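Asks: kindly generate the corresponding structure for this input.
(4 chains)
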Number of protein chains: 2
Amino acid sequence: MDKRELLLEAATKLFVERGLHATPTSAISKEAGVSAGILFHYFKTKDDLIDELYVSIKKEYTSSIMNEIDKIHSDLGKLRLIWSNSWNWAIDNNLKFKFLLQLDNTSCAVRVKSHPEIVAKFEIFKNLIQSYVDKELIKNMDTYFIMGSMFGLITSMVTYLTQFPEKRNDQVFIEQAWELFYNSLKP
Amino acid sequence: MDKRELLLEAATKLFVERGLHATPTSAISKEAGVSAGILFHYFKTKDDLIDELYVSIKKEYTSSIMNEIDKIHSDLGKLRLIWSNSWNWAIDNNLKFKFLLQLDNTSCAVRVKSHPEIVAKFEIFKNLIQSYVDKELIKNMDTYFIMGSMFGLITSMVTYLTQFPEKRNDQVFIEQAWELFYNSLKP
DNA sequence: ACTTTTGTTGAGTGATTAGTCAATTAAAAA
DNA sequence: TTTTTAATTGACTAATCACTCAACAAAAGT
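Replies: Sure thing, here's the model as predicted:
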C-alpha cells in the first residue's frame, strides 16, 4: 500500500489520540509500519504533513456535504440532505472529523486554513444558503451567523451520536433532531 | 502580585496562541515575568498546571452561567438569562473560553475532566433543563442532546461575535439570535 | 545489460524540553 | 534578635525531538 497514505492515516489517528505536538514523527512512522526517515521523503517537515492532512480532510468533508444534492429537487429536501450528509460523514469518518475540530479550535498549527478548492466549495454552500434566505425559506440573518449556527448544531449532534451510536438508527430521534435544526432556521 | 496567578494567566494566553505542547514551561515563566524554576514550586508538573488551569476556568464558567438566576422568576426569563450569561462570559473571557474549547476537543491532556464542584454545577443545570422539559417549555428529547445543542449554538454565537464585535450591542441581532436559540428548543 | 532515477532504511546530530537542585533571599515564628 | 520556614533563582541534566545523510534496494529508462 502507498506509504504516503499510510503515514497520513497513522498521523490522523495519533494526532486525535495524543494531540499534534505530543505526537513525535517517530510515532507516526512506527504506527504506519515504515521507517522513520521516509516521512521526510514524502513531507518536507512535520508542519507540512499537518497542513496537507488538514487540507485533504477538509476537502473530503466539504465535498461530501453536497453529495447527491442534484438528485433532490425541492429546496427543503436539499437542505435536509446537506444536514444528513454532514453528520453522516462526520460519524463515518469520526477520526477525521475530530482532527478538523481540533485544528479549527487552534489558532496555531495550520498555516493553510484557506485552500482555493476548499474556499470554492464553501462559496457554493454559502450561495445556496443565501438563496434560501432570499426565498424566505430560512431566517434573514447574516449568512455567516446562519452557517455557524448550522455547523454548531451539526457538531453537537455528531458528538451526541458518537456517545450514543444506537440513536443513529432511531427514526424518531433523527426526525426530532431535524426538526430542532430546521426550527432554528425557519423565519 | 501572586506569582501562581501570573503563571496561570500567562499559560492561558500561550496555550491558546501556540497550543498546549508547543508551549514550553520556560515560555510560560518568561511571559509571567518569573524565574523558570518557580513554576515547579507551584505546580508539580506541567500536566498538573494544565489540569488545575482547566478546572479553575471550567469552575468560573459554570458558575457564571447561573449568575443572578434567582432574581428572575419566569421560567423563560431564566432560560434567557442562562443563554445570555453564557455568551457574555465567553466573550468577556475569550482566552479562557478558547482554552476550554481547545481542551474539550482533545482526548488527551486533561486527566481531570470531571471535578466534583464542576459536576455539581452541571447537575443543577441539567435538572433545570429537565424541569423545563417536564413543564413542556422545551422539546421532549434526551437532556444530554438538548444541552449539547444549546452549547453548540452558544459556541457558534460566541465565535461569530468575536469576529464581529459590533453586533454585540445590536439589539435587533441579539433578539434574532435568541429567537433562533429558543425556536430550536420549543416543542 | 547498464544507467539513472526514485524509494527506503536506521543510525546519528544539534537543538530543545521538563524537571532538579544547591544556593540565596524574604518572611514568619520564636 | 535569632531561628525556622517558605519563596525564588538560574545553571544544570537526562531525555526527547525534528530532521539529515550515507548507504542500499527497487524501478524505470535506454
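
Asks: hey, let's count contacts and neighbours off CA atoms from now on
Replies: OK.

Asks: what's the span of stretch A:20-34, first residue to last?
Replies: Stretch A:20-34 has its terminal residues 20 Å apart, counting by CA to CA, to the nearest Å.

Asks: what about it, average pLDDT?
Replies: Mean pLDDT, computed over stretch A:20-34, is 96.

Asks: in it, what counts as buried?
Replies: In terms of neighbour count (16 or more other CA atoms under 10 Å in any protein chain shown), stretch A:20-34 has its buried residues at A:20, A:22-23, A:25, A:28-29, A:31-32, A:34.

Asks: where does the prediction get shaky in chain A?
Replies: A:107-111, A:113 (pLDDT under 70).

Asks: and the residue lying closest to residue A:39 once chain neighbours are set aside, what element?
Replies: The shortest distance from residue A:39 to any residue other than its chain neighbours is 6.7 Å, reached at residue A:29 (CA to CA, 6 or more residues apart in numbering or on different chains). Secondary structure from DSSP states H and E places residue A:29 in helix A:25-32.

Asks: that helix near DNA strand C anywhere?
Replies: No: interface with DNA strand C: helix A:25-32 contributes nothing (CA under 7 Å from any atom of the strand), its closest point being 8.3 Å away.

Asks: now for that helix, which elements pack on it?
Replies: Secondary-structure packing of helix A:25-32 (3 or more CA pairs under 8 Å, 6 or more residues apart in numbering or on different chains; DSSP states H and E): helix A:3-18.

Asks: quick one: name whatever helix or strand follows the helix holding residue A:29.
Replies: Next helix or strand after helix A:25-32 toward the C-terminus (DSSP H and E): helix A:39-42.

Asks: so which bits of chain A are right by chain B?
Replies: A:16-22, A:98, A:101-102, A:105-109, A:141, A:144-145, A:148-149, A:151-153, A:155-157, A:160, A:176, A:179-185 (CA under 8 Å from any CA of the partner chain).

Asks: from those, which would you call buried?
Replies: With burial judged by 16+ other CA under 10 Å, the buried subset of these is A:16-17, A:19-20, A:22, A:98, A:101-102, A:105-107, A:109, A:145, A:148-149, A:151-153, A:155-157, A:160, A:180-185.

Asks: near DNA strand D, from those residues?
Replies: Residues of those in contact with DNA strand D (CA under 7 Å from any atom of the strand): residue A:22.

Asks: what does the helix holding residue A:29 rub up against?
Replies: For helix A:25-32, the surrounding residues in contact (CA atoms under 8 Å, 6 or more residues apart in numbering or on different chains) are A:3, A:6-7, A:9-11, A:14, A:35-36, A:38-39, A:46.

Asks: close to DNA strand D, is it?
Replies: Yes: residues of helix A:25-32 are located near DNA strand D by CA under 7 Å from any atom of the strand, namely A:25-26.

Asks: contact residues of chain A facing DNA strand D?
Replies: Applying CA under 7 Å from any atom of the strand, we find that chain A lies next to DNA strand D at A:21-26, A:36-38, A:40, A:44-47.

Asks: now, which of those sits nearest residue B:52?
Replies: residue A:22 (19.4 Å; CA to CA).

Asks: do you know how far residue A:40 is from residue A:7?
Replies: Per CA to CA, residue A:40 is found 11 Å from residue A:7.

Asks: those two: which has the busier surroundings?
Replies: Between residue A:40 and residue A:7, residue A:7 has the larger neighbour count (other CA atoms under 10 Å in any protein chain shown), namely 25 against 13.

Asks: the closest residue to residue A:7 other than its chain neighbours and residue B:185: what is the separation?
Replies: Residue nearest to residue A:7 in three dimensions, not counting chain neighbours: residue A:32, with 5.4 Å by CA to CA, 6+ apart. Distance check for residue A:32 against residue B:185: by CA to CA, it reads 45 Å.
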